[in-house]
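> Got a sequence here, can you build the structure:
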Amino acid sequence: MKTILTVFTLACSTLLSSAAGSAKAGQAMPKLPQLLPGAGVPNTSGKVVLVDFWASWCGPCKASFPCLNRLHEKYASKGLVIIGVGVDDDAAKYKAFAGKMGAKFLIVHDSSHKAAEFFGPSTMPSSYLVDRKGVIHSVHTGFRGAKTEAEYVTEIEALLAAKP
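The predicted model follows:
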């Protein structure tokens, strides 16, 4: 079982790293409804957006959800939109994980992998913080608990304070 899991993890890592996209800081983000058709993504124009890619098989992804919930509770009313993007091929695994995590922010299933293709996350989780003008401000790979949360807070507060 451990060997199968290792092979699966390596295959997923290879798939993610070979994705066509590789979004970087300074790059404009396309309109999310185009990347996630039918997902009910709200208008994010003029908002600070955190796009977080996750998968059901990812331990650090599970650890990141409480942090994302805290960020949503603290900053949503100030203009932050968090969108958790699940990349599982298996819709049942996506739904089961999403149901367990109790997200207070929007979560969507990237079943067509259009969003993952644009962003090209190199690891799970990977998140992209976008400023009010729709430009990617920073990219975070992995989740390192309080350290990552502190980085998010510093960057989000600066972006929310900036004039649109």
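
> Spatially central residue for the protein, please.
Closest residue to the average C-alpha location of the chain: residue 52 at 0.8 Å, with CA atoms, centre = their mean.

> Show me the beta-bridge partners of that one.
In this entry, residue 52 is beta-bridged to residue 84, residue 127, by DSSP bridges.

> is it true that it touches residue 82?
Yes. Contact status for residue 52 versus residue 82: in contact at 6.7 Å, counting by CB atoms under 8 Å. Any C-beta I mention is one placed from the backbone N, CA and C, and that applies to glycine too.

> And the strands in this protein?
48-54, 80-86, 106-109, 126-130, 136-141 (DSSP state E).

> Check the offset of the first one from the chain's centre.
When you say that, I think you mean strand 48-54. Here strand 48-54 shows a centroid-to-chain-centroid distance of 3 Å under the convention CA atoms, centre = their mean, to the nearest Å.

> Please apply the same query to the second one.
Strand 80-86 sits 6 Å away from the centroid of its parent chain (CA atoms, centre = their mean).

> contacts for that strand?
By CB atoms under 8 Å, 6 or more residues apart in numbering, the residues outside strand 80-86 that reach it are 32, 36, 41-42, 44, 47-56, 65, 68, 71-72, 76, 94, 97-98, 103, 105-110, 115-116, 156, 160.

> Counting neighbours, which of those end up buried?
Using 16 or more other CB atoms under 10 Å as the burial test, the contacts of strand 80-86 include 32, 36, 41, 44, 47-56, 65, 68, 71-72, 94, 97-98, 103, 105-110, 115-116, 156 as buried.

> With mean pLDDT and distance to residue 60 added, can I get the strands of the chain in TSV?
Shown next, in TSV, are the strands of the chain (pLDDT from 0 to 100; distance: least, CB to CB, whole Å):
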stretch	mean pLDDT	distance to residue 60
strand 48-54	98	9
strand 80-86	98	13
strand 106-109	97	16
strand 126-130	97	10
strand 136-141	96	10
